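1. give the three-dimensional model of this entry:
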Amino acid sequence: MTSRSRQVRLWPAVVIVAGTAAWIAAIWLFGEAIRQHRNMRTGAAVFVGLVLLALWFLLFSRLAARIRLVGLAAIVVVIAAGAALFRVEGVSGDLIPILAPRYRARPGASVAVARPEAARPAPTPSPSTEGPPPPSEVARKAAAPMVPAAAPALEPSRPAPRDYPQFLGPSRDGVLDGPRLARDWSARPPRQLWRQPIGAAWSAFAVQGRTAVTQEQNGDDEEVVAYDAATGRVLWRHAEKARYETVIAGIGPRATPTIREGRVFAMGATGILTALRLDTGERLWSRRVLDENGGQNPSWGTSGSPLVDGDLVVVSAGGREGRSLVAYKAATGEVAWAAGHDKQSYSSPTLLTLSGRRQLVVFNQGSVAAHDPATGALLWEHPFPADQPNVAQPLPLPGDQVLLSAGYGVGSKLYRIEPDPGGAMSARLVWETPRLKSKFANLVSHEGYVYGLDDGVLVCLDPADGQRKWRSGRYGHGQAILVAGLLLVQAEDGEVVLVEPRPDALRELTRFTAFDGKTWNPPAVAGSRLYVRTDREAAAFELPTED
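-> Residues are numbered from 1 along each chain as shown. Okay, the predicted model is just below:
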C-alpha cells in the first residue's frame with residue numbers, strides 16, 4: 001500500500017452508504033405503510049446520501065487535488081447533461097418521477113391542427129355569455145345565465161344500448177351487459193381500427209353512434225374533440241382559452257364528456273362547463289363554475305364529469321355556503337339549484353337509489369353526501385378523511401349500502417343508509433378496512449364480491465365483513481370495468497387484461513398491449529369496440545367476442 005493510498009479517508013463514505021441503506025430499510029420496514037410516501041422518502045434518502053458522498057469526495061476524502069477537480073468536473077457535466085437531455089414529465093401512480101427526453105414534444109404542446117371540413121367553429125359569444133360576473137357581484141348574479149337569448153332547437157339523439165355515452169358507461173357504474181368477450185385473445189387478438197396522436201388530458205371517451213368525444217389540451221386551448229368512432233377522423237373541435245398544468249398532476253382536462261339528447265356537456269380542468277351540439281360542436285352555453293360559486297380548484301384540477309339527470313346538468317363546484325353541488329338547466333345553462341358546503345374532490349356525482357329513495361351521491365373532499373335530484377336538498381351526509389384525494393366513485397351494494405374507498409393509507413368504508421323518524425335519512429358506518437385502498441381506480445361489484453385496485457394490486461373483497469379474499473396481479477394505478485361478467489383492466493403500463501372475477505383466486509384470462517407507457521385514462525367499450533387513450537395518443541380496437 002502506497003503512502004498516498006494510506007492517506008485516503010474512506011470511513012466517512014462507508015458511514016454515509018451504510019447510513020443511507022439503514023434509512024431506506026427503516027422507511028420500508030418500520031415507517032408508515034403508504035407506498036407513495038415511502039417512495040417519496042426513499043427518493044429523499046437517496047438524494048441526501050448522494051449529496052453527502054459528493055461533499056465527502058470533494059472536501060474530506062484526502063484524495064489528490066487533481067482527482068477531486070476531475071471528479072467535480074464530472075459531477076457538473078453529468079448534472080448539466082442530465083438537465084439538458086431529460087425533464088421530469090409527471091409521476092407514476094406511486095409518485096415516482098417519470099423522465100422523458102427533451103427532444104420529445106411535451107403533452108399538450110401547441111400543434112398545428114387542421115380543422116375538418118365538416119366542423120364549424122363555435123360562434124363568438126355575446127357579452128352576456130362571456131365569463132363570470134365580477135367577484136363582487138357573484139352572490140347577486142350567480143343565477144344569471146351566460147347563454148344566448150334562444151338556444152337552437154336540437155333533434156333528439158338517444159343512446160343505443162351499445163353506446164357508452166358518459167363516464168363509466170350508460171349506468172355510470174362501470175358495468176356493461178355486453179358484449180360477451182372471447183376469453184382467449186391469442187388466436188384472435190384485438191384488431192386495431194385506428195391509432196393517432198392526441199392532445200394531453202386524463203379524460204376518457206364518451207361514445208354515441210358514430211361519434212367518440214373526449215377532451216384534450218392543445219397549447220393554451222382546452223378542447224372538446226369529436227372523432228369518427230370507426231376511423232378516428234376528427235369531426236369537429238371546440239376550444240376554450242384555458243390551461244391547467246403542474247409537474248405532478250400533468251397537463252390538460254380530466255373529466256369525461258357526457259352525451260345526452262344531441263348535446264355534449266364537458267367540464268374543463270379549470271372549471272369551465274360547456275354545452276355543445278353533438279353534430280357540429282357549436283357552443284350552446286358555458287358557465288365558469290368555480291368562479292361563479294366561490295369554489296377553489298383542487299391540486300389535481302377539476303375532475304368531476306357532468307351528470308345529466310332529466311333536464312338538469314349536475315356538477316361539483318366546491319363552493320361554501322350552499323354552493324358545493326350545482327345543477328344547471330341542460331337547455332339554457334341557467335342555475336336550477338345549488339346546495340352543500342364541502343369542497344370538491346375528484347369524484348363525479350352519481351345517481352343511486354338507497355333506502356327506497358332516488359338521490360344524488362357525491363364524494364367530496366371531506367365527506368360523502370346525498371342530495372334530492374330535483375331540489376338539491378341535503379338528504380344525508382357523513383364525514384370522510386380529507387387528507388388525501390377522494391377519487392373513486394361511490395359503489396352501491398345490496399341492503400341500502402354504499403362503499404367508499406380512497407388511497408394513501410385510508411382504505412374502504414361501508415355505510416348503510418337508513419331512514420330517520422320524520423322522513424330524514426342518515427348514514428351509519430358498518431365497517432372499515434385498510435385492505436382495499438383505491439387511489440383513483442373505480443370499484444365494481446360482481447356476484448356478491450367487490451373488485452378493485454389496492455395500491456395497484458387487484459383485490460377481491462367480501463362486503464359482508466370487509467375481509468379480503470385475495471390480493472394478486474400488479475396492474476398499477478389503472479382502471480377497470482365489468483363487461484358481461486368479465487373484468488377488463490386497463491393497466492397503468494398500457495396493457496389491457498381480461499380477468500374472470502372469482503372469490504377463490506385471481507384468474508387472468510388473456511391480455512394485449514394497447515400502449516407503451518403511463519395510462520391513467522379510463523377505457524370505454526361501445527359494442528365490441530374498445531376506445532382507449534393516454535395523454536399522448538388514442539386508439540380503437542375491435543375486441544374478439546364469443547361466437
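2. and the strands in the stretch 51-200 of the chain?
-> 86-91, 97-101, 175-176, 191-197 (DSSP state E, counting those that start in this stretch).
3. how about the ones you listed in TSV, adding distance to A374 and mean pLDDT?
-> In short, each C-beta sits where N, CA and C put it, glycine included. What follows is the strands of the stretch 51-200 of the chain, written out as TSV (distance: least, CB to CB, whole Å; pLDDT from 0 to 100):
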stretch	distance to A374	mean pLDDT
strand 86-91	41	80
strand 97-101	45	80
strand 175-176	26	96
strand 191-197	42	97
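4. please identify which of those is closest to A336.
-> Each of the strands of the stretch 51-200 of the chain has some distance to A336 by CB to CB; the shortest is strand 175-176, at 28.7 Å.
5. how about the strands of the stretch 51-200 of the chain in TSV, adding distance to I481?
-> Listed next are the strands of the stretch 51-200 of the chain as TSV, based on distance: least, CB to CB, whole Å:
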stretch	distance to I481
strand 86-91	24
strand 97-101	25
strand 175-176	7
strand 191-197	19
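6. please identify the most buried of these.
-> strand 175-176 (a mean of 20; mean count of other CB atoms under 10 Å).
7. contacting residues around that one?
-> 164, 169-170, 444, 481-484, 525 (CB atoms under 8 Å, 6 or more residues apart in numbering).
8. between those, which sits nearest S186?
-> For the contacts of strand 175-176, the closest approach to S186 (CB to CB) belongs to V483, at 18.7 Å.
9. quick one on the thing from earlier: and the strands of the stretch 51-200 of the chain: which comes nearest E240?
-> That would be strand 191-197 among those, by CB to CB, at 20.9 Å.
10. output that closest one in CSV with nothing but the alpha carbons.
-> The C-alpha trace of strand 191-197 is given here as CSV (Å, rounded to 0.1, in the frame of the first residue of the first chain):
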residue,chain,number,x,y,z
ARG,A,191,-57.9,-5.7,-34.2
GLN,A,192,-56.7,-2.1,-34.2
LEU,A,193,-59.2,0.1,-36.0
TRP,A,194,-57.2,3.3,-35.7
ARG,A,195,-54.4,5.0,-33.7
GLN,A,196,-53.3,8.6,-33.7
PRO,A,197,-51.6,11.3,-31.6
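11. could you please name the strands it pairs with and the direction of each pair?
-> Strand pairing for strand 191-197, determined by DSSP bridges: strand 537-542 (antiparallel).
12. so how far is the partner strand from its chain's centroid?
-> Offset of strand 537-542 from its chain centre (CA atoms, centre = their mean, to the nearest Å): 19 Å.
13. select, out of the strands of the stretch 51-200 of the chain, the one closest to H371.
-> Nearest to H371, of all the strands of the stretch 51-200 of the chain, is strand 175-176, at 23.3 Å by CB to CB.
14. for the protein, where's the lowest mean pLDDT among helices and strands?
-> Using mean pLDDT, DSSP states H and E, the weakest-scoring helix or strand in the chain turns out to be helix 138-141, at a mean of 38.
15. one step back: top of the contacts of strand 175-176 by neighbour count?
-> Y164 (28 neighbours; other CB atoms under 10 Å).
16. look up how far S305 lies from that residue.
-> For Y164, the distance to S305 equals 13 Å [CB to CB, to the nearest Å].
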